[in-house]
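> any chance you can model this:
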Amino acid sequence: MTTSARKVEHEGSRRGFDLITPNWRQSAKEIQKFGTVIRDLPIGLSEDTRHELCERLNVLLADTASMRDLYKKSHWQVGGPTFYQLHLLFDKHFGEQVELVDLLAERIQILGGVSVAMAHDVAELTRLERPPKGREEVPVQISRLLEAHALIIENTRALAKKASEMGDDGTNDLLVSDVLRTNEMQVWFLSEHLVEMPLVHAEG
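Okay, here's the model as predicted:
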C-alpha cells in the first residue's frame, strides 16, 4: 500500500471514529444576551413593545418560579393535624405553578426575548420575600403564601392591562386566562384554611 493510500485509509478511519465520539467539550459566546429581544419578528408587535413586555414578564416569571418553590417548601415542611390535607394541597398548587412558569417562559421566548431560568438569576429578580430555611407554623406558612399571591395578582392585573394597551392580545390572554385565574383559585383554597370555624357544635 502506498503512503498516500495509507493516509486516506487513516483519515477515513479517524472520521468514522469521530462520528461516534461525543464532542462534549464545547464552548462559545451566547447567541442572545439576556434583556434583549430579536429585532425583526413577524408577529405584528414592535421591537420596543416586545422589549418592555419581556422585561416585565421576566419579573413575573421570577416571582412565579419563587412561588412554585415556596409551595414545594411548604409541602415538605408542613405539620400538625391538617398535615395530610395541606401536604396534598400544597403539592397540587406546586404543580399548577410549574405549568405557569413554563407558559410565562415560553411567552417571553415567543416575543423574541430570553426567559430567566437559573435559581440564582431568579433570586435576583423576584420581589417575593425570602422565607427562612427552617420550618414555620401552618398559619404562618399559609399567610406567607397568600402574601406572595397578592403581590403576583396585583402585578398580573397591571401587566395584563398594559399588554392590552400595547396591542399584545396573546400576552393579555395568557395573563388573564392562566396566571390570574390560577392564582385567584389558589388564594380561595388557601384562605379557607385560616377561617376560624367550629368543628363539632355550631354557634347559636
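
> name the helix or strand for the spatially most central residue of the chain, please.
With distances taken as Cα atoms, centre = their mean, Val101 lies nearest the centre of the chain, 2.6 Å away. In the assignment (DSSP states H and E), Val101 maps to helix 83-110.

> what about whichever helix or strand comes after that helix, distance to the chain center?
Following helix 83-110 in sequence order, the next helix or strand is helix 119-125 (DSSP H and E). When distances are taken as Cα atoms, centre = their mean, to the nearest Å, helix 119-125 is centred 11 Å away from the chain's centroid.

> also stretch 102-109?
8 Å.

> how far off helix 83-110 does the longest helix along the chain point, in degrees?
Secondary structure assigned by DSSP state H gives helix 47-77 as the longest helix of the chain. Interaxial angle, helix 47-77 versus helix 83-110 (axes from the mean of the first three to the mean of the last three Cα atoms, to 10 degrees): 160 degrees.

> renumber starting at 44 from here on
Okay, using 44 as the starting number, the last item reads as helix 90-120.

> quick check: mean pLDDT of helix 90-120?
What helix 90-120 shows for mean pLDDT is 98.

> Leu146 contacts Asp216, doesn't it?
No: at 10.8 Å, Leu146 does not count as touching Asp216 under the criterion of Cβ atoms under 8 Å. (Each C-beta comes from the backbone N, C-alpha and C, glycine too.)

> which one of the two is surrounded by more residues?
Between Leu146 and Asp216, counted using other Cβ atoms under 10 Å, Leu146 has the larger neighbour count: 18 against 14.
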